[in-house]
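Student: coordinates only, sequence not included:
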C-alpha cells in the first residue's frame, strides 16, 4: 500500500461542503426567485427531458426532500474523497451522467429530481469497491455503509408513491459498474517479502536468525567467526617511566 493512498487533504472537507451548499443555494433560488426551475428535471423518453441529466441532482421538491439528501451526500462524498481521492471526480461526474441517462431510459413519465440518484451511486460504489478490493480498511468502510444506509436498498423498488425508484435503481447499477471498471485504481494491501512469488527463505536476512527448528540464533555463523577472530587479537600496552636518580 502506498503512503498516499489514504491521505487527508482539504478537498475531503471542502468539496462535500461545496456540494451541499450548492444544492441549498439552488433550492433557495427555486423558492425565492424562480420556482419553475424545479421542472428542469429528467423527463424520461423526451428530448427536452435530457437537460435534467445535468440539472436534476441539484433540484428538490421541498425542504424535507432536500434535508433527507443533505446528510448522506455529505458523509458519502467525504468518504469518497478520502478513500478514493484519485478517482473521486470521475465517480461523481460520470455517476451523474450515467445514472441520469439510465433514469431517462427506464423512468416513468414525470419530473425526476433530487440528489438521491448520486447518493445511490456513492453507496453502491463504496460498498462494492470495498468488497472487490479485499483491503481491510475499504471492507470496514463497506460494512459501515451497510450499517448506515443498508435500508436504502428497499427504495430501488416501487414501494412508495411519488418517489423516483428508477433514479435510485439507476444509481445502484451505475455504482456497481464503476466498482468493476475502476477495480485497478484503488489502494492495494501491502505485500510483504514472504508473500512475493520469487521469495527465497534461505536469502531472507531475518530468517537467518533462526535454525531449522525455529530456535533463535544470537549470532550468524559468519558473525561468530568475526567475534572469534577479534577475541584472539592481542593488545599490547607500553608503559614509559623514568627512574628516579639515586641519592648519595
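Tutor: That came through, no problem. Here the structure is a predicted model, which means the values were calculated and not measured.
Student: what packs against the helix or strand harbouring residue 20?
Tutor: Using DSSP states H and E, residue 20 sits in helix 11-32. Helices and strands touching helix 11-32, by 3 or more Cβ pairs under 8 Å, 6 or more residues apart in numbering; DSSP states H and E, are helix 63-83. Placement of C-beta: from N, CA and C, glycine included.
Student: could you measure from the spatially most central residue of the chain over to residue 126?
Tutor: Central residue of the chain (Cα atoms, centre = their mean): residue 83, 2.3 Å from the mean position. Distance, residue 83 to residue 126, using Cβ to Cβ, to the nearest Å: 8 Å.
Student: and residue 27, by the same measure?
Tutor: On the measure of Cβ to Cβ, residue 27 and residue 126 end up 26 Å apart.
Student: higher neighbour count, the two?
Tutor: residue 126 (25 against 21; other Cβ atoms under 10 Å).
Student: how's the chain carved up into domains?
Tutor: 11-181, 195-232 (automatic domain parsing).
Student: most packed of the ones you listed?
Tutor: domain 11-181 (a mean of 18; mean count of other Cβ atoms under 10 Å).
Student: mind checking the pLDDT average for that one?
Tutor: Averaging pLDDT along domain 11-181 yields 92.
Student: quick one: terminal-to-terminal distance for that domain?
Tutor: Its first and final residues considered, domain 11-181 spans 24 Å by Cα to Cα, to the nearest Å.
Student: related to what we said a few turns ago, the residue nearest to the centre of the chain against residue 138, yeah?
Tutor: Yes - using Cβ atoms under 8 Å, residue 83 is in contact with residue 138, at 6.4 Å.
Student: tell me the secondary structure for residue 36?
Tutor: On the three-state scheme (DSSP: H, G, I helix; E, B strand; the rest coil), residue 36 is labelled helix.
Student: measure it to residue 111 for me?
Tutor: 11 Å.
Student: who touches both of residue 83 and residue 126?
Tutor: residue 141 (Cβ atoms under 8 Å, 6 or more residues apart in numbering).
Student: shouldn't residue 66 be in contact with residue 26?
Tutor: No - the criterion here is Cβ under 8 Å, and residue 66 misses it with residue 26 at 9.3 Å.
Student: can you pull the contacts of the residue nearest to residue 26 when sequence neighbours are not counted?
Tutor: Leaving out its chain neighbours, the residue that sits closest to residue 26 by Cβ to Cβ, 6 or more residues apart in numbering is residue 58, at 4.6 Å. Counting by Cβ under 8 Å, 6+ apart, residue 58 touches 22, 23, 26, 115.
Student: again with residue 125
Tutor: Counting by Cβ under 8 Å, 6+ apart, residue 125 has contacts 80, 91, 95, 174, 175, 176, 178, 179.
Student: go on, residue 105?
Tutor: 44, 45.
Student: that one and residue 171, how far apart?
Tutor: 14 Å.
Student: same deal with residue 82?
Tutor: Remark: distance between residue 82 and residue 171 (Cβ to Cβ) = 21 Å.
Student: same deal with residue 125?
Tutor: From residue 125 to residue 171 the distance is 9 Å (Cβ to Cβ).
Student: so what sits against both of the two?
Tutor: residue 95.
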